[in-house]
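Chemist: Predicted model and sequence below, questions to follow.
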Amino acid sequence: MTKTHLTSSLIKQAYMHGYFPMPDPETQEIVWFNPDPRAIIPLDKFHVSESLRKKINRKIFTYTINQCFEKVMRHCADREETWINSEILAAFTQLHKDKLAHSVEVWQDKKLVGGVYGVFIGSAFFAESKFYLSTDASKIALYYFVENLKF
């Protein structure tokens, strides 16, 4: 069996057909998943709790878009069990360079404390992973992603 090399083109085609790559936890071989049903969050139905809205309105966090994509991915991978191995990291970093993968970074006191990244194809955004180092920072990142996608 020939090992598939993850390329931007291959990943884009896979996403267009509902598939996404993940390494097998034991072999690290890339396997393709196509969940049915796929979770979908309509932008106009995205719910923000009152407590999260209050935290956002306090302006203790700032956000940026696509300023440190790879750093967001590395933070997302920094856990005991992760699907983000070096091959996934390299492939998605290339997708970012090809303007198909994006990140939102959340900052507190000039420190990266949260983020989310994913793939944007056509009119669909596929959120892949998020992280937080400060309570609710990943939720705030998702909030800002949704707000920016509405335009």
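Modeler: Noted; the coordinates are in hand.

Chemist: the helices in this structure, which residues?
Modeler: 8-16, 50-57, 69-77, 86-97, 137-149 (DSSP state H).

Chemist: same question for stretch 126-133, mean pLDDT?
Modeler: Stretch 126-133 shows a mean pLDDT of 94.

Chemist: Can you mark which positions in it are buried?
Modeler: Neighbour counts using 16 or more other C-beta atoms under 10 Å place 127-132 of stretch 126-133 among the buried residues. Placement of C-beta: from N, CA and C, glycine included.

Chemist: chain center to that stretch: distance?
Modeler: Here the centre of stretch 126-133 is set off from its chain's centre by 5 Å, with C-alpha atoms, centre = their mean, to the nearest Å.

Chemist: can you check stretch 84-92 too?
Modeler: With C-alpha atoms, centre = their mean as the basis, stretch 84-92 stands 13 Å off its chain's centre.

Chemist: List the contacts of that stretch.
Modeler: Applying C-beta atoms under 8 Å, 6 or more residues apart in numbering, the contact partners of stretch 84-92 are 6-8, 11, 21-23, 28, 30, 70, 73-74, 76-77, 101, 117, 119, 128-129.
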